[in-house]
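Peer 1: Pasting the sequence and the predicted model now:
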Amino acid sequence: TKLIPSIPFRMYWISISPEGIPSGLIEIQYILKGIEGISFVYFTERDVVRHPIVQEIIRAYERAESKREEEFDDYRTVKGEEEADKD
């Protein structure tokens, strides 16, 4: 499976599937964030006790999220430097 990196989109990052389709689950979290009565529950491998493979899948998602956050920080740093160079 070919992995396609996340891309900046409307001030936040969304995941793009190998088919080029944005992840609606990721996007909806940002759209609905802060609305009273709506919340999201995030699980870690500690919440999963049924099967070790499920725990590994959750860890893989956590690593991917950390990488996306690092990429976003790098993107913001580069954009900030580009803006500073314009001045």
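Peer 2: Structure's in. What do you need?

Peer 1: residues near the closest residue to Glu45 other than its chain neighbours, how many?
Peer 2: Nearest in space to Glu45, with sequence neighbours left out and distances taken as CB to CB, 6 or more residues apart in numbering, is Gln55 at 4.1 Å. Bear in mind the C-beta positions are built from the backbone N, C-alpha and C, glycine included. Other residues lying near Gln55 total 16 when counted by other CB atoms under 10 Å.

Peer 1: now swap in Tyr75 and tell me
Peer 2: Using other CB under 10 Å, Tyr75 has 14 neighbouring residues.

Peer 1: element containing it?
Peer 2: Using DSSP states H and E, Tyr75 maps to helix 52-86.

Peer 1: Outline the domain layout of the protein.
Peer 2: 1-38, 41-87 (automatic domain parsing).

Peer 1: And Ile38, what's its pLDDT?
Peer 2: On pLDDT, Ile38 comes in at 90.

Peer 1: repeat for the one 10 residues further on
Peer 2: According to the per-residue confidence, Val48 scores 69 in pLDDT.

Peer 1: quick one on the thing from earlier: which one of the domains of the chain has the poorest average confidence?
Peer 2: Taking the mean pLDDT of the domains of the chain, domain 1-38 comes last: a mean of 66.

Peer 1: Check the secondary structure at Tyr42 for me.
Peer 2: coil (DSSP: H, G, I helix; E, B strand; the rest coil).

Peer 1: residues contacting it?
Peer 2: By CB atoms under 8 Å, 6 or more residues apart in numbering, the contact list for Tyr42 is empty.

Peer 1: Next one: it from His51, what distance?
Peer 2: To His51, Tyr42 is 19 Å away according to CB to CB, to the nearest Å.

Peer 1: can you check Gln29 too?
Peer 2: In terms of CB to CB, Gln29 sits 26 Å off from His51.

Peer 1: the more surrounded of those two?
Peer 2: Gln29 (15 against 9).

Peer 1: My reading is that that one is in a helix; is that accurate?
Peer 2: Yes: judged by three-state DSSP, Gln29 forms part of a helix.

Peer 1: Give me the nearest residue to it, chain neighbours excluded.
Peer 2: What sits nearest to Gln29 in space, not counting adjacent residues and going by CB to CB, 6+ apart, is Phe40, at 5.7 Å.
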